[in-house]
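> With the sequence up front, the predicted model follows.
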Amino acid sequence: MRGIWDGVGIDFNRDSVERTMVIGIGLFGDSVERTIAVPCSCLSIAYLSHAFSSISLESNLSSLEWRHRMERPVRGTLSRVHAILSPPPASFSTSSTQTLSPIRNHLFFIFTPLSTHIHTDTATMDLINGLLNLVAPPFTFFTLLLFLPPWMFFKFCLGLIHSVFSENVSGKVILITGASSGIGEHLAYEYASRGACLALCARREGRLQEVADRCRQIGSPDVIVIRADVSHAHDCKRIVDQTVNHFNRLDHLVNNAGISQVCMLEEADDITNLRPVMDINFWGSVYTTKFAAPHLRNSGGRIIVLSSSASWVPLPRMSVYNASKAALAQFYDTMRVEFGSDVKITVVTPGFIESELTQGKFLSHEGKLVVDYDARDVQVNVSPVMKVERCARSIVKGALRGERYVTEPGWMKMSYVWKVLWPEAVEMINRLMCITTVGGESRHDTFGKKVMDIAGGQNILYPQSIQSSEMKAD
Ligand SMILES: NC(=O)c1ccc[n+]([C@@H]2O[C@H](COP(=O)([O-])OP(=O)(O)OC[C@H]3O[C@@H](n4cnc5c(N)ncnc54)[C@H](OP(=O)(O)O)[C@@H]3O)[C@@H](O)[C@H]2O)c1
């Protein structure tokens, strides 16, 4: 509403405000309730009258005559507007208004009394929202119908060009968090095979050294290892500082470090035990992004962030994990707007991928990292698990082609369509497969796991490496 008055205040003198208000009342009716329509009609009609100043309604009657024709409530409203548009009282002076230009000073006096004198905000907003409720659906439908096909075609052509001329990372500097295992480890190998310099970070330094050695063998000219815990902001600053001090630049930041929880919300006696999920998955990425941002702006760099299909699939027992991944996706969609074209962003939303996570490494409800093989079967269920090498290759290729989102395996994109169009079906299936217990007391005796056990699904759907709970030690 204030925006509307702002427009009126700038463009029209006192008389024209009256006239446009009157026209507004003429259109919307003159009952007390409908006087609330005035500010709204002012905007559209005032602009019209501004553009076509020979409106007959205006020319035939003076503003005074119009005023006589109005009902009392309308006059009341107008007199308040007069008060608002009057010059500020001489007694009013604050340090801030003294420094304002005459126009801004005038606006200030429109804004301030509005909040105290005109009590139509709620009703006006209801009206505007009502209008938008009516207009938005057809507007959206026809705009999409008209502009989406050419836009998709344009993006398709751009995709073709980018796949031919994708970014060359040879000699560039890539910082990867969570590079000691799983997806992060294999992303390191992918970048290394393209000749990139690497800064690898995680908590298990021994594992990182092994990964670094292999990266050097594969073709990376220079690899450093940084032991750090991304849930601490000071560690994230140190990771970025150490990388930039060593290489003098930063081109890609890969926010991959993450853990998952597997427990129902009500199983957690102390709910704060689940905080590390958010601290590592969400805040860990936010911290590194904050500290890396100036360097990435300098290099016109890219952020690759590991969100998850779980950001839209409501998988039970992973509520906090799902939320952390949804938060990441929205955070980086917002960052795209803040960075503009200075820093590009690829949000990765994998399904189930071969890693320590799909091997059953979870944060328990007691707040400890455990390997729960049975819980893994319940969670992963009848979903095929993708080989990590393929996934990492696809992520790096997608990022170098400049893709905004990468989802692997590709069919997982369809789960988004289901979620948007038929969320009840998605919830029902998840409940059936992961919650419904069959033939036993254990929370692991779920329908999905029974199906897997009977059909020997693991051998078909899971890679060999995650068919045992044996982890690589540090
Ligand atoms: N695998 C999947 O199915 C799947 C699906 C969707 C999304 N994702 C996401 O992909 C990312 C990689 O996971 P993954 O599947 O490869 O699992 P993973 O094998 O368990 O790898 C997780 C990595 O994160 C690191 N990490 C964990 N906590 C950390 C901390 N506080 N500070 C620094 N590093 C930390 C781990 O290293 P240390 O333990 O040595 O610190 C490890 O290198 C995660 O963000 C995960 O949520 C995975």
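Yes, it's here.
> how about the residue of the stretch 51-200 of the chain at minimum distance from the ligand, what does it touch?
Nearest residue of the stretch 51-200 of the chain to the ligand (Cβ to the nearest ligand atom) works out as Gly182 at 2.2 Å. (C-beta placed from N, C-alpha, C; glycine too.) The contact partners of Gly182, by Cβ atoms under 8 Å, 6 or more residues apart in numbering, come to Ile353, Glu354, Ser355, Glu356, Leu357, Val388.
> again with Arg194
Asn168, Val169, Ser170, Gly219, Val396.
> Can you classify the closest residue to the ligand within the stretch 201-350 of the chain by secondary structure?
The ligand sits closest to Gly258 of the stretch 201-350 of the chain, with a gap of 2.2 Å, by Cβ to the nearest ligand atom. For Gly258, the assignment made with DSSP: H, G, I helix; E, B strand; the rest coil gives coil.
> any idea how far the nearest residue to it once chain neighbours are set aside lies from Leu363?
Spatial nearest neighbour of Gly258, excluding adjacent residues (Cβ to Cβ, 6 or more residues apart in numbering): Asn281 at 4.6 Å. From Asn281 over to Leu363 the distance is 10 Å, taken as Cβ to Cβ, to the nearest Å.
> Those two: which is more packed in?
More crowded of Asn281 and Leu363, by other Cβ atoms under 10 Å: Asn281, with 28 against 22.
> Quick check: that one touching Gln261?
No. Contact between Asn281 and Gln261 fails when scored by Cβ atoms under 8 Å: they sit 9.9 Å apart.
> Could I get the full set of strands for the stretch 51-200 of the chain?
Along the stretch 51-200 of the chain, counting by DSSP state E, counting those that start in this stretch, strands occupy 173-177, 197-202.
> Could I get those strands in CSV, plus columns for mean pLDDT?
Shown next, in CSV, are those (pLDDT from 0 to 100):
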stretch, mean pLDDT
strand 173-177, 98
strand 197-202, 98
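> Return stretch 230-249 as PDB; C-alpha atoms alone will do.
C-alpha atoms of stretch 230-249 as PDB (Å, rounded to 0.1, in the frame of the first residue of the first chain):
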ATOM      1  CA  VAL A 230      33.300 -27.800   8.500                       C
ATOM      2  CA  SER A 231      30.800 -27.400  11.300                       C
ATOM      3  CA  HIS A 232      33.200 -24.800  12.800                       C
ATOM      4  CA  ALA A 233      33.200 -21.400  11.000                       C
ATOM      5  CA  HIS A 234      36.900 -20.800  12.000                       C
ATOM      6  CA  ASP A 235      37.900 -24.100  10.400                       C
ATOM      7  CA  CYS A 236      36.100 -23.100   7.200                       C
ATOM      8  CA  LYS A 237      37.900 -19.800   7.100                       C
ATOM      9  CA  ARG A 238      41.200 -21.700   7.600                       C
ATOM     10  CA  ILE A 239      40.400 -24.000   4.700                       C
ATOM     11  CA  VAL A 240      39.800 -21.100   2.300                       C
ATOM     12  CA  ASP A 241      42.800 -19.100   3.600                       C
ATOM     13  CA  GLN A 242      45.200 -22.000   3.400                       C
ATOM     14  CA  THR A 243      44.000 -22.800  -0.200                       C
ATOM     15  CA  VAL A 244      44.300 -19.300  -1.400                       C
ATOM     16  CA  ASN A 245      47.700 -18.800   0.400                       C
ATOM     17  CA  HIS A 246      49.000 -21.900  -1.300                       C
ATOM     18  CA  PHE A 247      47.600 -21.500  -4.800                       C
ATOM     19  CA  ASN A 248      46.900 -17.700  -4.900                       C
ATOM     20  CA  ARG A 249      43.500 -18.300  -6.300                       C
END
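> Counting neighbours, which bits of it end up buried?
Residues of stretch 230-249 classed as buried: 230-231, 235-240, 242-244, 247, 249 (neighbour count, 16 or more other Cβ atoms under 10 Å).
> Now stretch 212-230: average pLDDT?
Computed over stretch 212-230, the mean pLDDT rounds to 98.
> Compute the first-to-last residue distance for that stretch.
With Cα to Cα, to the nearest Å as the measure, stretch 212-230 spans 19 Å from end to end.
> Mind listing what's buried along that stretch?
Quick answer for stretch 212-230 (16+ other Cβ under 10 Å): Ala212, Cys215, Ser220, Val223, Ile224, Val225, Ile226, Arg227, Ala228, Asp229, Val230.
> Tell me which of those fall in helices.
Per DSSP state H, helices hold the following members of these: Ala212, Cys215.
> Run a quick neighbour tally on Leu145.
Leu145 sits with 9 neighbouring residues when counted by other Cβ under 10 Å.
> can you check the one 4 residues further on too?
Around Pro149 there are 10 other residues, counting by other Cβ under 10 Å.
> I'd like the contacts of Arg194 written out as CSV, with distance to Val135 added.
Listed next are these as CSV, based on distance: Cβ to Cβ, whole Å:
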residue, distance to Val135
Asn168, 47
Val169, 47
Ser170, 52
Gly219, 57
Val396, 44
